[in-house]
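J.: coordinates only, sequence not included:
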Ligand SMILES: [Zn+2]
């Protein structure tokens, strides 16, 4: 009887371990894919402040980071998903021009109330 109880204990322990491993695998397969995007870095065309834009254009999106010049085409195709971007420093708004060459172009400027 003691042996039987011991075997049941081991069995439950093994099942619990397998269950937690399965949960972990499930999380790795599904969890991180939600809200995953690539990041593209480029400077504000006016003041040069670095801006980080998000792209979900690539099916391989996995929190990679690119500089504008070496960004793959599929990632680049979605770079303007949140455009126009606003520079946090000088409030210039801009977007990425892809054709004929990849560059940052100024769209306008957000008028901010200057602090007193
Ligand atoms: Zn700026």
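T.: Now that the structure is in, tell me what you want to look at. All of these numbers come straight from a predicted model, not from anything done at the bench.

J.: show the contacting residues for the most centrally placed residue in the chain.
T.: Within the chain, the residue whose C-alpha comes closest to the C-alpha centroid is residue 37; the distance, by Cα atoms, centre = their mean, is 2.9 Å. If a contact means Cβ atoms under 8 Å, 6 or more residues apart in numbering, then residue 37 has 54, 55, 56, 61, 63 as its contacts. No exception for glycine: its C-beta is placed from N, CA and C like everyone else's.

J.: can you pull up the bridge partners for the nearest residue to it once chain neighbours are set aside?
T.: Spatially, and ignoring its direct neighbours in sequence, residue 37 is nearest to residue 54 (4.3 Å; Cβ to Cβ, 6 or more residues apart in numbering). Residue 54 has the following beta-bridge partners by DSSP bridges: residue 39.

J.: so residue 54 sits against residue 82, correct?
T.: Yes: with contact defined as Cβ atoms under 8 Å, residue 54 reaches residue 82; the gap is 6.4 Å.

J.: which of the two has more neighbours?
T.: When neighbours are counted by other Cβ atoms under 10 Å, residue 54 comes out ahead of the other of residue 54 and residue 82, with 16 against 12.

J.: what score does the more buried one have for pLDDT?
T.: Predicted confidence (pLDDT) for residue 54: 95.

J.: for it, what are its contacts?
T.: Residue 54 neighbours (Cβ under 8 Å, 6+ apart): 37, 38, 39, 40, 81, 82.

J.: next: residue 96.
T.: For residue 96, the set of contacting residues under the criterion of Cβ under 8 Å, 6+ apart consists of 40, 42, 53, 68, 76, 79, 80, 83, 102, 103, 104, 105.

J.: ok, now with 7 Å
T.: Each residue near residue 96 by Cβ atoms under 7 Å, 6 or more residues apart in numbering is listed here: 79, 80, 83, 102, 104.

J.: check which residues of whatever helix or strand it lives in are buried.
T.: Element membership for residue 96 (DSSP states H and E) is strand 92-97. Buried residues in strand 92-97, defined by neighbour count with 16 or more other Cβ atoms under 10 Å: 92, 94, 95, 96.
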